[in-house]
Each structure stands twice: as C-alpha cells, then as structure tokens.
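**Q** Generate coordinates for the sequence data below:
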Amino acid sequence: MIRIYIARLIINSFDYFQQKKIFIFLKKKIQKNATLFDVGAHHGETINNFTKYFNFSSIHSFEASNNNFKLLKIKFNKNQENKIFLNNFGLSDLNKSLKIKEFRETSSTTLSGINHDSKYYKRKIELLGLKENEKIYEGFDVKLNRLDNYCEEKKINKIDLLKIDTEGHEYFVIKGSTNALSKIKYIYFEHHYDDMLIKGYKYSDIHDILKKYNFIRIYKSKMFFRKTFEYIYENSKLD
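**A** Next up, the predicted model:
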C-alpha cells in the first residue's frame, strides 16, 4: 500500500502542473456563474480545481464507486452555500447497472474490460509493487444514468464545462448526452490509447459524434507516463 501511495503521489505531482495549464486555459474562456459538471469525480480533485479557477453557480459531481464516493462526501459534505451537488452514480448511454472494477490504486477504477495480457497492464502492476496473482481489483455493481435524464430532471438548461474522466467510458457518457450537447459549451475529457482497457470504441468515434453536434477540438495534451491524451472541444454554435 505504501508503494501504491508513493506512485500515486508522484503521478499526481506531474498531473497537477499539466492540469494547471489546462484550467488556466479554460479560465480565460468560461464566464462568471458557470455551471460545471464533473463526471468521474474520484476523491474531488477536479472539484478542487473548479472552486479554485472558476466563478461558479453550481457544480454537479458524479462518482459511481461507493468507496470513492464515501471519501468524496467527507470532503465536500459541507459545501459552499449548497452549490456543489454530489451524486453517487455514474453516467453512461443508458439507465442501467454495470459492474465496476475498483483498483487498489483507486484512480484507475473503470467500467471497461481489462486486458490482462497487456504489457501496459503488467508494467502498471509492477510499478505499484503488486504481483499478477494478487487481487488487483474488485468488482462491484454500480448505478448508471444518462446525462440527458439528469438535466431534464434538474431542469438544467446550460453547462459551461463538462469534464469526463471515466477510464475508458467517455464515449458512452457522451452518447447519453446527445440531447444536452446543444447546451454544453466546453467538453474536457481524456482518451486512453494503451491496450489495457477494452473500451469498445476509438478516439475517432468520440471525435465524430462531437463533430456531428458542432464541436471543434481546441486543445490536445499528452499525459505524463501514460499513453493517454487530454482533449478540449468547444461548441461552435454557442457564444
């Protein structure tokens, strides 16, 4: 566990500087009283950035893992003037239940399948000081809903920024948001190019659906130590 903690600490330190650049970039574009969505909240890292960089009217946070959500709720239970809404379910293309794989290194928790023969997967568990015969993750049933359903229920008519970090489920989150896409100004997401996650889609699938709904790519950045890129798309039809 100590080795996992140290590895996560090192990665987080590099991610901090990369994400700082991204949020400085977004801060110049997002106006006051913003409505922000955080899909894949983990322990609240993005909520911290939202509160630091943006003047916001509301933050809507989604975390499917019950264990991650417990820590998230402890940190943000007494939120700023009831402007942060914590939801213990994930977002997808359908309202359904699905089994999540919760890794011992919890930021890697995913709804995707795992390719155990992947060299990337083997390097990852070696870095964390684990062995292939150890129990590296556990499976739990979690609840999923569509962003479209949530917006309709909560009567949300604009989203200034939709951030998606779901470890290989990003495309399905967007598929469940097609009614809401016309109300979203910016979408910030990551895409894994390694073969560890069995996602069932390619980056081009995300690009094509966003292009269909008038989004253009305005930012691309490679994450440290990983075959993963972060992207920002802008809705060209919204001022």
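
**Q** got a list of what residue 99 touches?
**A** Taking C-beta atoms under 8 Å, 6 or more residues apart in numbering as the criterion, residue 99 is in contact with 111, 139-142. Bear in mind the C-beta positions are built from the backbone N, C-alpha and C, glycine included.

**Q** Tell me the one of those residues nearest residue 152?
**A** residue 142 (21.5 Å; C-beta to C-beta).

**Q** hang on, that closest one packs against residue 68?
**A** No. In this structure, residue 142 is not within contact of residue 68 by C-beta atoms under 8 Å, at 10.3 Å.

**Q** Quick check: bridge partners of residue 34?
**A** For residue 34, the beta-bridge partners are residue 56 (DSSP bridges).

**Q** Can you tell me how far residue 61 is from residue 91?
**A** For residue 61, the distance to residue 91 (C-beta to C-beta, to the nearest Å) stands at 11 Å.

**Q** Same question for residue 150.
**A** 7 Å.

**Q** now residue 152
**A** 13 Å.

**Q** between those two, which one's more packed in?
**A** For residue 152 and residue 91, the more surrounded residue by other C-beta atoms under 10 Å is residue 91, and the numbers stand at 27 against 12.

**Q** That one and residue 190: what is the separation?
**A** From residue 91 to residue 190 the distance is 15 Å (C-beta to C-beta).

**Q** Show residues contacting the helix or strand hosting residue 211.
**A** Using DSSP states H and E, residue 211 falls within helix 203-212. Residues from elsewhere that reach helix 203-212 (C-beta under 8 Å, 6+ apart): 170-171, 174-175, 178, 181, 187, 189, 191, 193, 217, 229, 233.

**Q** buried ones in stretch 199-211?
**A** 199, 201, 206, 209-210 (16 or more other C-beta atoms under 10 Å).
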